[in-house]
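In: Predicted model and sequence follow; I will ask about them next.
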Amino acid sequence: MIITKLALPRRTFLRGMGVTLALPLLDAMVPALTPVARAATSPRRLGFVYIPNGASMSHWQPKGDGALSALSPSLAPLEPFKNQVIVPIGLSQKQAESFGDGNGEHSRAGTVWLSGVHPKHTEGADVRNGPTADQLAARELGKDTALRSLEMAMEQTFLIGNCDNGYSCVYTNSISWRTATDPNPMETNPRIVFQRLFGDGGSAAERLAQAREDRSLLDWVTSDLARLQQSLGASDRHVVTDYVDSVREIERRIQIAERQTGESPLVLPDRPVGAPESYEEHAKLMFDLTALAFQADITRVFTFTLGKEQTNRSYPELGVSDAHHAISHHQHDPVKLEKAHLEKLRATREGDGTLLDHSLILHGGGISDADQHSHIDLPLVLIGGAGGVKGGRILRHPQDTPMNNLLVALLDRVGAPAEKFGDATSTLKLEPLSGV
């Protein structure tokens, strides 16, 4: 039996001026429950991480079928998580093909990835696509969280104008659509994401006052935090301490980035600005913010684009000085940034397991072979264990199998079933095959 000094509601917050600090799941919130009952308290979560411009499929896809005996070169960084990895092969988003609309493979690739709906060819305001899988999940999972979903990106996004052969920039810049005509803006600034997670919807004046004080967000809840810690058991005190340390460390990294870019939060009446100049540090910050959001149950759904389709950004700090769009047509460096994110999820205990055990993260893109701009047999990898999903497997399917069959399966596993979604023809079976 778990012994605690008090019983807390699952929705427990510490509040200060312009600050709302949600607490992670504690033993005090589920006292004296059986393991089965404790498992039921852990929510299921869903995340989507998008890579632009295609991949080298010979380096992405592992050999064989069934048991995942060896990861491919591109997926090698996921070796520590191999038992929670599923590599789907043969899945396609055929609705991203032209159907007489001409060029625009990149615009269609990103916007169709989570919808399975052919987008309207327009550069005007009369766009049409979704809704997307993340938003179907958010409708259900977001009923009990402060934020229905979190949408993030690594590059500045624009929702107006012509970005690709007569396609509106909306299609290039957002992979998340609430409805068929309502795309979600993708946030690129870690400070703004931080404020969304831990701000109290305070006024610009309150945020400006916090900045002028040069104080941590946590300074506004110090006394409440101290009183809480005194009333918790030893295990919960450790959890809260680690959680608060993570919040403080992320805030410190954001402050460093703002100083490095010369952006002062004092001169902006609305929101502080500034993101790390280093792509790697920027991405890690954003990933860490999603981990905190999951841990505190602020949201259970996120989408994150690691770059826009047709991006020409270079990554010198990763040893890649050429533009990504150019080199993607010839080679594909293994994706390493996801590994640190997964490590954090796996290191965070929750209920009967870890955050990773209670999450499903789909990582991939809407273009397979970068030279051919194909939407057939897409680069995809699924990590996590929410809904009883078992990893360590390769799932081969006939080419042209709709990727939406997988999305329907993911929605079902996290408790947001969809009877019909995009061009799905059935629900992909995620159960292990006999003997695997």
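Out: Everything's here; your move.
In: pLDDT (mean, whole number) over the helix or strand hosting residue 257?
Out: Here residue 257, judged by DSSP states H and E, is contained in helix 234-260. Helix 234-260 comes out with an average pLDDT of 90.
In: Off-centre distance for that helix?
Out: Mean-position distance between helix 234-260 and its chain equals 20 Å (Cα atoms, centre = their mean, to the nearest Å).
In: Skip ahead from that helix and say which helix or strand is next.
Out: Per DSSP H and E, the first helix or strand lying C-terminal to helix 234-260 is helix 279-295.
In: Now find how far off-centre that following helix is within its chain.
Out: The answer for helix 279-295 is 9 Å, by Cα atoms, centre = their mean.
In: what does stretch 145-165 give?
Out: 13 Å.
In: Sort out which residues of it are buried, please.
Out: Neighbour-count burial for stretch 145-165 flags 145-146, 148-155, 157, 159, 163-164 (criterion: 16 or more other Cβ atoms under 10 Å). Glycine gets a C-beta too; all of them are placed from N, C-alpha and C.
In: The chain - how does it break down into domains?
Out: Here the domain assignment for the chain is 1-30+191-274, 42-188+285-436, based on automatic domain parsing.
In: Deepest in the core, which of those is it.
Out: Scoring these by mean neighbour count under mean count of other Cβ atoms under 10 Å gives domain 42-188+285-436 as the most buried, with a mean of 20.
In: Where is the longest strand in the protein?
Out: strand 393-402 (DSSP state E).
In: Please enumerate the strands of the stretch 301-436 of the chain.
Out: Counting by DSSP state E, counting those that start in this stretch, the stretch 301-436 of the chain has strands at residues 301-305, 349-350, 353-354, 359-364, 380-384, 393-402.
In: between those, which one is nearest to residue 221?
Out: strand 349-350 (22.0 Å; Cβ to Cβ).
In: now what about that closest one, what contacts it?
Out: 24, 25, 42, 239, 295, 357, 358 (Cβ atoms under 8 Å, 6 or more residues apart in numbering).
In: cool, and stretch 239-254?
Out: 21, 23-24, 26, 190-191, 194, 198, 216-218, 225, 228-229, 232, 274, 276, 281, 285, 288-289, 291-292, 295-296, 349.
In: Torsion angles phi and psi at the nearest residue to residue 296 once chain neighbours are set aside?
Out: In this structure, residue 296 finds its nearest non-sequential neighbour in residue 22, 4.0 Å apart by Cβ to Cβ, 6 or more residues apart in numbering. Per-residue torsions, residue 22: phi -70, psi 140 (degrees, to the nearest 10).
In: residues in contact with residue 22?
Out: Shown in contact with residue 22 (Cβ under 8 Å, 6+ apart): 11, 12, 13, 146, 198, 296, 297, 298.
In: quick one: the third one from residue 153, how far?
Out: Taking Cβ to Cβ, to the nearest Å as the measure, residue 13 and residue 153 are separated by 28 Å.
In: and if you look at the second one?
Out: Summarising the geometry, the distance separating residue 12 from residue 153, computed by Cβ to Cβ, is 31 Å.
In: Turn the contacts of residue 22 into a markdown table, including distance to residue 133, pLDDT and secondary structure.
Out: Below are the contacts of residue 22 laid out as a markdown table (distance: Cβ to Cβ, whole Å; pLDDT from 0 to 100; DSSP: H, G, I helix; E, B strand; the rest coil):
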| residue | distance to residue 133 | pLDDT | secondary structure |
| --- | --- | --- | --- |
| 11 | 26 | 73 | coil |
| 12 | 31 | 82 | coil |
| 13 | 30 | 85 | strand |
| 146 | 21 | 92 | coil |
| 198 | 27 | 89 | helix |
| 296 | 23 | 94 | coil |
| 297 | 21 | 95 | coil |
| 298 | 20 | 95 | coil |
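In: Closest to residue 85 out of those residues?
Out: residue 297 (25.0 Å).
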